[in-house]
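1. 3D model of this:
(one chain, ligands or ions: 2)
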Amino acid sequence: MAQEANGIGAIWDDIRAFGAGFKTTFKRAIRKPVTVQYPEQRLPMARRFRGLHKLLRYPDGLEKCIGCSLCAAACPAKAIRVVAAENTETERYSPGERYAKIYEINMIRCIFCGYCEEACPTGAIVLGQQYEIADYHRDDFIYTKERLLVPFPGKAKDDRPRYQRGLTDQGRAAEPQTTGAL
Ligand code: SF4
Ligand code: SF4
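-> Residues are numbered from 1 along each chain as shown. Ligands and ions are numbered 1, 2, ... in the order given. Sure, this is the predicted structure:
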């Protein structure tokens, strides 16, 4: 008799265990899925996420980078190469005396530490939110100035350099000092 009672008790235990398992399954089945269908869907990155670099411009289109190489000096991975050149009256790229004629970042070396951004005196180089930088060839990981520089937002309206539009340094100084979406 006692053996029969033990058998029935074991069957009920099994049924309860099944019930608990299915309860969990059904609860999960009606919840909103957390899987993101990448690349059709993308999660927003955290505000402080450090992704692919950008070289910013002033609102008048001049480049913020003055070719000082402080970012290259601060880079622990020796990933940045800057070659500066002098601005002239007829060919001006930045408000300072010099600009970066060549600006390259080797993304294979980069560890996305953000030290370059910290070191930059003009806020020219920033790490943005872009993280899709996979590529097939090693050479394609050398990001040149042309690839890093943000497009001039005023390009559609007037893409002439500032000196050709008759703007002065005083005019520029009165404008906000930042541009380019991070
Ligand atoms: S994020 Fe760090 S490693 Fe990458 S270029 Fe800047 S300083 Fe160098
Ligand atoms: S990005 Fe900044 S620190 Fe680097 S060369 Fe340009 S101005 Fe200097």
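
2. Show the average pLDDT along the longest strand along the chain.
-> Longest strand in the chain by number of residues (criterion: DSSP state E): strand 98-106. Throughout strand 98-106, pLDDT has a mean value of 97.

3. Buried residues in stretch 129-137, which are they?
-> The neighbour-count check on stretch 129-137 (16 or more other CB atoms under 10 Å) flags Gln129 as buried. All C-beta spots, glycine's among them, are computed from the backbone N, C-alpha and C.

4. can you check stretch 45-63 too?
-> Here stretch 45-63 shows Arg50, Leu52, His53, Lys54, Leu55, Leu56, Arg57, Tyr58, Asp60, Gly61, Leu62, Glu63 as buried, counting by 16+ other CB under 10 Å.

5. hey, C-alpha coordinates of it in CSV?
-> What follows is stretch 45-63, C-alpha atoms only, in CSV (Å, rounded to 0.1, in the frame of the first residue of the first chain):
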residue,chain,number,x,y,z
MET,A,45,25.1,52.9,-28.8
ALA,A,46,25.7,54.4,-25.4
ARG,A,47,26.5,58.1,-25.4
ARG,A,48,30.1,57.5,-24.3
PHE,A,49,30.7,54.7,-26.8
ARG,A,50,34.0,55.2,-28.7
GLY,A,51,33.7,54.2,-32.3
LEU,A,52,35.2,55.3,-35.6
HIS,A,53,36.9,58.7,-35.5
LYS,A,54,35.8,61.9,-37.2
LEU,A,55,37.6,65.1,-38.0
LEU,A,56,35.3,68.0,-37.4
ARG,A,57,34.9,71.4,-39.1
TYR,A,58,33.9,74.8,-37.8
PRO,A,59,30.4,76.0,-38.9
ASP,A,60,32.0,78.0,-41.7
GLY,A,61,33.6,74.9,-43.2
LEU,A,62,37.2,75.4,-42.0
GLU,A,63,38.8,72.3,-40.6
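
6. just checking, next helix/strand downstream of the helix ranked longest in the chain?
-> The longest helix of the chain (DSSP state H) is helix 2-29. Heading C-terminal from helix 2-29, the first helix or strand you meet, by DSSP states H and E, is strand 53-55.
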